[in-house]
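Undergrad: Show me the folded form of this:
(chains A, B and C)
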Amino acid sequence: MSNPITSELLLQRLQERFGEAILNNESPYDLLTVEVTPSSAHEIIKWLKEDGELALSFLTLLGAVHYPEQKGREMAVVYHLHSLVHNVRLRLKAFLSIEDPSIATITDLYVGANWQERETFDFYGVKFVGHPNLVRILNEDSMDYHPMRKEYQLEDATREDKDDRFFGR
Amino acid sequence: MGKVEVVNGVETFNGEGFQLAMLDKVIAAARANSVWPLPFATSCCGIEYMATMGTNYDVARFGMERMSFSPRQADLLIVAGTISKKLAPILKQVYEQMAEPKWVLSVGACASSGGIFDTYSVLQGIDRVIPVDVYVPGCPPRPEQIIEGIMNVHRLVKHESLRRRYSDEYKHLLTKYNLNEDE
Amino acid sequence: MSDIEQIKKQSLFSNDTINGEIATLNLGPTHPATHGIFQNVLKVDGEKILSSEQTVGYIHRAFEKLAERRPYNQIRPITDRLNYCSSPINNLGWDMTVEKLIGAAVPKRVDYMRVIIMELARIADHLVCNSVIGVDTGALTGFTYMFQQREAIYELFEEVCGARLTTNIGRIGGFERDFSPVFHEKLKKFLKEFPKHFNEFDSLLSRNRIFMDRTIGGGHITGERALEFGFTGPNLRAAGVDYDVRVMNPYASYEDFDFIIPVGTAGDTYDRFQVRQEEIRQSLAIIHQAYNNLPEGDYYSKDIPEFYLPSKEDVYTKMEALIYHFKIVMGETPVPVGEVYHSVEGGNGELGYYLISDGGRTPYRLQFRRPCFIYYQAYPEMITGQTISDAVLTLSSLNVIAGELDA
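TA: Purely as a prediction, here's the structure:
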């Protein structure tokens, strides 16, 4: 068995291999978080999975976060990866602009990303290029907006039975 | 042991080889003591309903031994759990498939009024799509509360007129919910 | 030869479709065999399933959007309703996430108390799943026996927090009250009597010829394929991979306890059943260890008064306690800016909380890593080529809880 991989070693290997694609990094609460360019995200995840030594081959979570104030970088797509062999986790973030939030899909690498990407599309409108079936999954098909974005409110806008004055809104 | 009160089921006049009773009382008693429920259990209240079906809080002693999962053979629709807007047309379809006489028991806060989920995807109460007879509040209600709700349904069943479906009030209710089938 | 002899010579089973027609069967959203609200449209050839298409989202309650509206203490009731068969695990996982965010350390006694409650919840969850597998094969007796044991566990939860099912147990920093003497009595009684009833249930199904014939070989998946999908929990362990968050990233002092991770070989329904049975026994062992070595000490962390509600005597007599009480109830808790990911081993696998805080009174973003949602994608692959009755058993052995699937 080779040396155990730590977060520092992982960061070093990533920076050596991908150079400019790694924009910045930090480690909040001991979880290495790396920001990458959207066009390189798929390549980085593929290399991490197929590299025999690193073996970061378990996709824990895929999601998005909406930052309406950061112009040009409003939509962040966040991947959480885990190496079951070395017990090291990694968080990859790619920032997309709100006008065209598209990024390459990783369903060819991880089958389990299929529904998670659909959920992210349903909630935020992020388009995953190359996804086999990118339609809404949890909300109704007739819904025409992406509800988790910050500009939409929680309650159904058309309800008439509850008076907002009594609910503190 | 001597404190058990035996309640008379139906008032009868007994004679030598015959028994006289009022027809609607007999039918009402038969209906009330053999309600076949359709457990439409979606979430957490469904697990409490399963506990009510279990041995500690048995509902079988009230005549609900057979859970009918087919709407055609069910009398009571027990809606336990959150109903989302996506599921509302299906709930209405299940209600329409049930044959008269039918009653609806709404178990839990989510089925009665949307509960803590005042969101864009949750139906704020099933009485927006189907008429409801008894509401059981709670999140989730204890099995004792669900049994109280069932007792109230039995009370309704016992005192309901046999000609209920032909009354004006009932027809007006069905029109309000767009449930009017052809006469 | 005559017609009759010709018919007798033909095989009874043929691979040709009858009239060349493939039937579409709707294992619809409300179906007694699917324990939960999800729809599967199956294409069947006779009894054999050719393909299936799923629709989920029938109980989508917008937890993640709801969490952005609620202060940190008010999110715990929402986490209850994720996997509602084992809600204490969800609650305590949320408490641990917030404690990780604010950097609070809890006393050892709190850790051991948390372990006892979480393992009781895990037993409750596995009891539901296994008795429901029995019900789907027609064995209703196990269900009635095991639900009575669940009542015993409900009584234990009621002693700690007052509620049976959706418990809202624990606080950020510990528990709201120490274990009462009644709880100790009930727990000792449970630990003494549960193994007897559980062994009775086990003897009904584990080596039962009919049960084994129904379940062995049904709904199988290999370990590598399961990892591709992102399986975790008993379903992954039945497929042969021993990944358990309690061992890999221990939390709440799990490293102090000595327990085995049961692992299956074939990844079929029978293995999933057996893995859960063994996990119930291991959970009992953990509860014994935690209870026998329960350390003395506080039942909450005294270092975080801005997060933990002070006791009423202090609120009525001391000024700072009154101010803290007011601020906590109003939701004005000083949470630092940051992002944290914490995961616990839920009843179905790795239940993760990805929390981004911007310093406000409510989270900026809270995403739940829901194990059911991730592994339910594999269901069509697991049932292709099997019969409809096997498909029903596979679904109940996966333990898909609708609340966790749709959130």
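
Undergrad: Next, count neighbours for the residue in chain A that chain C sits nearest to.
TA: Nearest residue of chain A to chain C, counting by Cβ to the nearest Cβ: A:Gly112, 3.3 Å away. (Glycine included, C-beta is placed from N, CA and C.) When counting by other Cβ atoms under 10 Å in any protein chain shown, one arrives at 25 neighbours for A:Gly112.

Undergrad: swap in the one 4 residues further on?
TA: A:Gln116 sits with 25 neighbouring residues when counted by other Cβ under 10 Å.

Undergrad: do A:Tyr29 as well
TA: 13.

Undergrad: before we move on, what about C:Tyr251?
TA: For C:Tyr251, using other Cβ under 10 Å, the count is 22.

Undergrad: Please apply the same query to C:Phe368.
TA: By other Cβ under 10 Å, the residues close to C:Phe368 number 24.

Undergrad: so it makes contact with C:Gly403?
TA: No - the criterion here is Cβ atoms under 8 Å, and C:Phe368 misses it with C:Gly403 at 10.8 Å.

Undergrad: Need the overlap of contacts for these two.
TA: Common neighbours of C:Phe368 and C:Gly403 (criterion: Cβ atoms under 8 Å, 6 or more residues apart in numbering or on different chains): C:Leu82.

Undergrad: so which residue of chain C comes closest to chain A?
TA: Counting by Cβ to the nearest Cβ, chain C gets nearest to chain A through C:Gly230 (3.3 Å).

Undergrad: I figured that residue hits C:Cys372, correct?
TA: No - the criterion here is Cβ under 8 Å, and C:Gly230 misses it with C:Cys372 at 11.3 Å.

Undergrad: in terms of contact, does C:Leu309 touch C:Leu322 like I think?
TA: No - using Cβ under 8 Å, C:Leu309 makes no contact with C:Leu322, being 11.7 Å away.

Undergrad: where do the helices sit along the stretch 151-300 of chain C?
TA: C:181-205, C:209-215, C:223-229, C:234-238, C:245-248, C:269-292 (DSSP state H, counting those that start in this stretch).

Undergrad: which residues sit against the fourth one?
TA: In this case it means helix C:234-238. C:126, C:223, C:226-227, C:243-244, C:261-264, C:266-268, C:271-272, C:274-276, C:279, C:348-349, C:375, C:398-399.

Undergrad: Then the first one?
TA: Under the criterion Cβ under 8 Å, 6+ apart, residues C:116, C:130-131, C:134, C:139, C:141-142, C:145-146, C:148-149, C:152-153, C:155-156, C:159-160, C:179, C:211, C:273, C:277, C:280-281, C:284, C:287-288, C:291 lie in contact with helix C:181-205.

Undergrad: ok, and the helix or strand in chain B with the lowest average confidence?
TA: Here the helix or strand of chain B ranked lowest by mean pLDDT, DSSP states H and E is helix B:168-176, holding a mean of 82.

Undergrad: returning to that earlier point: mind checking which of the helices of the stretch 151-300 of chain C is nearest A:Gln15?
TA: Among the helices of the stretch 151-300 of chain C, helix C:245-248 comes nearest to A:Gln15, with 26.3 Å by Cβ to Cβ.

Undergrad: Flag every residue of chain B that's near chain A.
TA: When proximity is defined as Cβ under 8 Å from any Cβ of the partner chain, chain B approaches chain A at B:Lys85, B:Lys86, B:Asp118, B:Thr119, B:Tyr120, B:Ser121, B:Gln124.

Undergrad: and of these, the nearest to chain C?
TA: Once Cβ to the nearest Cβ is applied, the member of the residues of chain B next to chain A that ends up nearest chain C is B:Thr119, at 4.0 Å.

Undergrad: Spell out the secondary structure type for the closest one.
TA: Three-state assignment for B:Thr119 (DSSP: H, G, I helix; E, B strand; the rest coil): coil.

Undergrad: A:Ala64: which element?
TA: strand A:58-66 (DSSP states H and E).

Undergrad: by contact count, what packs against that strand?
TA: Other elements packing on strand A:58-66 under the criterion 3 or more Cβ pairs under 8 Å, 6 or more residues apart in numbering or on different chains; DSSP states H and E are strand A:75-83, helix A:113-124, strand C:349-357, strand C:365-369.

Undergrad: Just the buried residues of stretch B:64-80, please?
TA: Within stretch B:64-80, the residues that count as buried by 16 or more other Cβ atoms under 10 Å in any protein chain shown are B:Met64, B:Met67, B:Ser68, B:Pro71, B:Ala74, B:Asp75, B:Leu76, B:Leu77, B:Ile78, B:Val79, B:Ala80.

Undergrad: surely the third one meets B:Leu76?
TA: No - contact status for B:Ser68 versus B:Leu76: not in contact, 9.2 Å apart, counting by Cβ under 8 Å.

Undergrad: coming back round to it: how far off centre is the strand holding A:Ala64?
TA: With Cα atoms, centre = their mean, to the nearest Å as the basis, strand A:58-66 stands 4 Å off its chain's centre.

Undergrad: Can you flag the buried ones in the contacts of helix C:234-238?
TA: Buried among the contacts of helix C:234-238 (16+ other Cβ under 10 Å): C:126, C:223, C:226-227, C:243-244, C:262-264, C:266-268, C:271-272, C:274-276, C:279, C:348-349, C:375, C:398-399.

Undergrad: where along the chain do the helices fall?
TA: Going with chain A. For chain A, the helices defined by DSSP state H occupy A:7-18, A:41-50, A:113-124.

Undergrad: nope, chain B please
TA: Under DSSP H, chain B gives helices at B:23-32, B:44-53, B:88-97, B:109-113, B:143-159, B:168-176.

Undergrad: so can I have CSV of those helices showing mean neighbour count?
TA: Converted to CSV, the helices of chain B look like this (neighbours: other Cβ atoms under 10 Å in any protein chain shown):
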stretch, mean neighbour count
helix B:23-32, 15
helix B:44-53, 25
helix B:88-97, 16
helix B:109-113, 24
helix B:143-159, 18
helix B:168-176, 11
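
Undergrad: Cool, thanks, signing off.
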